[in-house]
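> Build me a model:
(chains A and B)
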2 protein chains.
Amino acid sequence: MIEYRNLRIAILGAGSVGSQVAKLLLEHREELAQRVGAGLELVGVAVRDLDAPRRADIPRELLTTDAESLILGADIVVELIGGLEPARTHILTAINSGADVITGNKALLATHGPELFEAAEQVGAQLYYEAAVGGAIPIIRPLRDSLAGDRVERILGIVNGTTNFILDRMDSTGESLHDALAVATELGYAEADPTADIEGYDAAQKAAILASLAFHTSVPLEAVYREGITSITHDQVVAARKAGYVVKLLAICERATDPATGVHGVSARVHPALVPLAHPLAAVHGANNAVFLEAEAAGSLMFYGAGAGGLETASAVLGDLVSAARRHVVGGPGVAESTHADLPALPITAVTTRYQITLRVLDQPGVLAAIAGVFSDNGVSVEAVEQHVGDGQESGPATATLVIGTHEASEAALAATVDALESRNVVDSVESVLRVEGL
Amino acid sequence: MIEYRNLRIAILGAGSVGSQVAKLLLEHREELAQRVGAGLELVGVAVRDLDAPRRADIPRELLTTDAESLILGADIVVELIGGLEPARTHILTAINSGADVITGNKALLATHGPELFEAAEQVGAQLYYEAAVGGAIPIIRPLRDSLAGDRVERILGIVNGTTNFILDRMDSTGESLHDALAVATELGYAEADPTADIEGYDAAQKAAILASLAFHTSVPLEAVYREGITSITHDQVVAARKAGYVVKLLAICERATDPATGVHGVSARVHPALVPLAHPLAAVHGANNAVFLEAEAAGSLMFYGAGAGGLETASAVLGDLVSAARRHVVGGPGVAESTHADLPALPITAVTTRYQITLRVLDQPGVLAAIAGVFSDNGVSVEAVEQHVGDGQESGPATATLVIGTHEASEAALAATVDALESRNVVDSVESVLRVEGL
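Next up, the predicted model:
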């Protein structure tokens, strides 16, 4: 047996990911040592409560409540606590003590990323975060390394498993959002408080990370437009499928030009969108994630897999751990964040896309012409109109449903159109406005 | 403007990929220099004929027929000639002169990979080959780095765009193999001599590369079992879809245990297979490629994109070029091939999978019992039988078609079963034997 020098690994947090990382590190000790050329010695796992139940067994003597001392004695620190504090302070302590850091903390990166990357660069430490987006799916490394010589144009990501599970249930079983969420909670796909998922906060954090990386630009979380899925109804999902679409919550990052100012920049947004059934993203079912991207030379690429789960996410952490450890063994610089492009983050009003608008209108002559006039007055070009006569179950005047598909239009023009529609007497209500993406 | 030191880049070959790499290097000079921290100076492009037509313009003064001198003056050599020689000699010259090498040459890697990797390791040079498998799709780097801490169990790859295009046409338009191949040739998806694609040689080379990388083991090309798609008929494709499958040419690399010897090892094989319609690989259309893999911790992952094309493949080359160049700027060891696992490559007889066998049998009492007896005599468990009565258009005795699905069985047991079936009087013919994968 070869004798290796040992690298000291500290894990902060023993939740579903942290305990799996600890378990795999201990189980695969020999194999990892061969790959790295050094032993990966787990020196401790920092927890808040020594007696809390763990999903995977960790030897009792490795547990400690003294995170600070653990960090100061480590070569590589794996932060899997989540949240902003004390995670931020721990990571800064690790960096400043010369350790490399691996984290899966999307909230922290989306909020304090630039501060952490700068601290790391100052001392030549490395900060890896493959686990922060897309769980087990390798997406950070492909964006940073594989596409380093290409020019990413657009990213469309299904980056939140909970909402994809809910929307997929609504589509496949006909359940309401409320019932699908209840199933997600029961199966452990949704947390007791599902706000971060269903309101799109989690996806927005990932959008900020992906946009920053793909466009070599620091995109702050506040610049990410965000809409969750809580307004999506079963009727919308059924109508979408009938029209050849499926509803997905997408994180969209793209190069764009603000039509109001002519400024070239980057747009990042999270909202429900209609995806054509033939698009690869439409086939992403259950709690899976996928990141679809378009690059100048590479064309369309998609990365698909489990977006969450303790064991799955632990795979991403271990990949980073091996990279960090190899660097310790053989020296060298590893990775560095690149923000050389420094593009402005554009507001949602700079976005142009296609829309599908569903209106309830009075069922009388001349209505269609009036509606069409509103669109053209606001510079929005109509691609297709479908009319469904009212089902006669309501009292009051006869109504019909109009489903209007537009060509590409700006968010500003679309918003003005919707305002104008709502003020018209022949319009009973604007039932839904959905963006159409992925074409 | 920042002044950078220049790295000297030599390209060997100005075919569809080489000319695009040259074009992108020249067009994106500034942006690449910012990402790398050094200029990437294209010092020359070696060609056989200075006057041959090129798909992308390369300044005449960069062209040279003197590959050797070009190589000796370069920091990084990009080999895009293809074939075994002179590519092998050129790469060895580059390595021994201290240059890093980037290649997309799957035939060379599958045949002389170990020799090249060893030569590179001897002098501390790097050998990158993201473009060798899956064109633009990042698959080499995710396997080598992202999954470095995980344990890959199985890879199912659609790694040949030509055959996927043909099979997809047969499925979607009802064309014969012959007609679909003609369309592929006309559209430029198939070469004048399509043997390497449709007989599975190209896919077998990629299977050898993927298996070697995923299992940290040197898997020689000769150990890859290979069947092409030339025996696939339109009837088989139609029958497959009716049964809920689509026919794909798969490169399959997996850990396996030889039932005859009990030896644990690696199996690599290329053959047409039935893939369930709900599997992500079934949605890979046209000339696209995809690599689906299962890892112990990560679970199922899929990487999808353009598997060929000059511009698309150039993206993968440029990604490698940026990695190699960064290493030149900042030092460090880069990547190293890992063959520490050193598993034996198992023969096709070690494989167990499910099968679908289509038989033409005499339409008379007792036949089904006789057929079922043959399966059980050979230890193959039948999962489902479907019988279609003959269509009456033939002369001779009445026949029926039996489609038999099996549970997992070994290749050896299956081969014995087929032999025994063929010797039975009640069996008119064994029409097809297809493996069922992806479950």
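> and the residue nearest to A:D377 when sequence neighbours are not counted, helix, strand or coil?
By the measure of Cβ to Cβ, 6 or more residues apart in numbering or on different chains, the closest residue to A:D377 outside its immediate chain neighbours is A:A420, 7.0 Å from it. Bear in mind the C-beta positions are built from the backbone N, C-alpha and C, glycine included. Assigned state for A:A420: helix (three-state reduction, DSSP: H, G, I helix; E, B strand; the rest coil).
> ok now do A:A420, which residues does it touch?
Taking Cβ atoms under 8 Å, 6 or more residues apart in numbering or on different chains as the criterion, A:A420 is in contact with A:374, A:377-378.
> got it, and A:I137?
Residues in contact with A:I137 (Cβ under 8 Å, 6+ apart) are A:289-291, A:303-307, A:316, B:301.
> cool, and A:D202?
For A:D202, the residues meeting the contact criterion (Cβ under 8 Å, 6+ apart) are A:106, A:159-160, A:162, A:196.
> what's the distance between it and chain B?
Plainly put, A:D202 is 20 Å away from chain B if you go by Cβ to the nearest Cβ, to the nearest Å.
> go on, A:V351?
Relative to chain B, A:V351 is positioned 24 Å away (criterion: Cβ to the nearest Cβ).
> Can you read off the pLDDT for that residue?
Confidence per residue is given as pLDDT, and for A:V351 that number is 86.
> what does the one 5 residues further on give?
At A:Q356, the pLDDT value in this model is 92.
> And whatever helix or strand it lives in, what's buried?
Mapping A:Q356 onto the secondary structure by DSSP states H and E places it in strand A:352-362. By neighbour count, and taking 16 or more other Cβ atoms under 10 Å in any protein chain shown as the criterion, the buried residues in strand A:352-362 are A:352-362.
> Between the contacts of A:D202, which sits nearest chain B?
Compare each of the contacts of A:D202 with chain B using Cβ to the nearest Cβ and the shortest gap goes to A:V159, at 15.0 Å.
> Can you verify my assumption that the closest one contacts A:V291?
Yes - counting by Cβ atoms under 8 Å, A:V159 touches A:V291, with 7.0 Å between them.
> Without its sequence neighbours, what residue ends up closest to A:L181?
Once its chain neighbours are removed from consideration, A:L181 has its nearest residue in A:I166; the separation is 5.6 Å (Cβ to Cβ, 6+ apart).
> residues touching the one you found, list them.
Contact analysis of A:I166 by Cβ under 8 Å, 6+ apart lists A:177, A:180-181, A:184, A:190, A:198, A:229.
> coming back round to it: quick check on the contacts of A:D202: which are buried?
So, by 16+ other Cβ under 10 Å, the buried ones in those are A:106, A:159-160, A:162, A:196.
> Can you pick out the most distant pair from these?
By the measure Cβ to Cβ, these have their two most distant members at A:K106 and A:T162, which lie 13.9 Å apart.
> Which parts of chain A belong to which domain?
A:6-128, A:144-304, A:351-436 (automatic domain parsing).
> Could you measure from the residue in chain A sticking out farthest from the centre over to B:Y189?
Relative to the mean C-alpha coordinate of chain A, counting by Cα atoms, centre = their mean, the farthest residue is A:P365 (45.9 Å). Applying Cβ to Cβ, to the nearest Å, the value for A:P365 to B:Y189 is 53 Å.
> Kindly report the same for A:V418.
45 Å.
> which of those two has more neighbours?
Neighbour tally, A:V418 and B:Y189, criterion other Cβ atoms under 10 Å in any protein chain shown: the higher count belongs to B:Y189, 22 against 19.
> Does that one touch B:N164 like I think?
No - using Cβ under 8 Å, B:Y189 and B:N164 do not qualify as a contacting pair, with a distance of 9.2 Å.
> Assumed the residue nearest to A:L181 was part of a helix.
Yes - read with three-state DSSP, A:I166 is one of the residues of a helix.
> same for the helix of greatest length in chain A, what does it pack against?
Counting by DSSP state H, the longest helix found in chain A is helix A:310-330. Using 3 or more Cβ pairs under 8 Å, 6 or more residues apart in numbering or on different chains; DSSP states H and E, the elements in contact with helix A:310-330 are strand A:6-12, helix A:16-27, helix A:29-36, strand A:76-79, strand A:100-103, strand A:127-128, strand B:299-306.
> out of these, nearest to B:R151?
Between B:R151 and the helices and strands packed on helix A:310-330, the shortest separation by Cβ to Cβ is 7.6 Å, and it involves helix A:29-36.
> Please see if the helix or strand following the closest one touches chain B.
Of the helices and strands lying after helix A:29-36 in sequence (DSSP H and E), the nearest is strand A:39-46. No - judged by Cβ under 8 Å from any Cβ of the partner chain, strand A:39-46 and chain B are separated, with a smallest distance of 8.9 Å.
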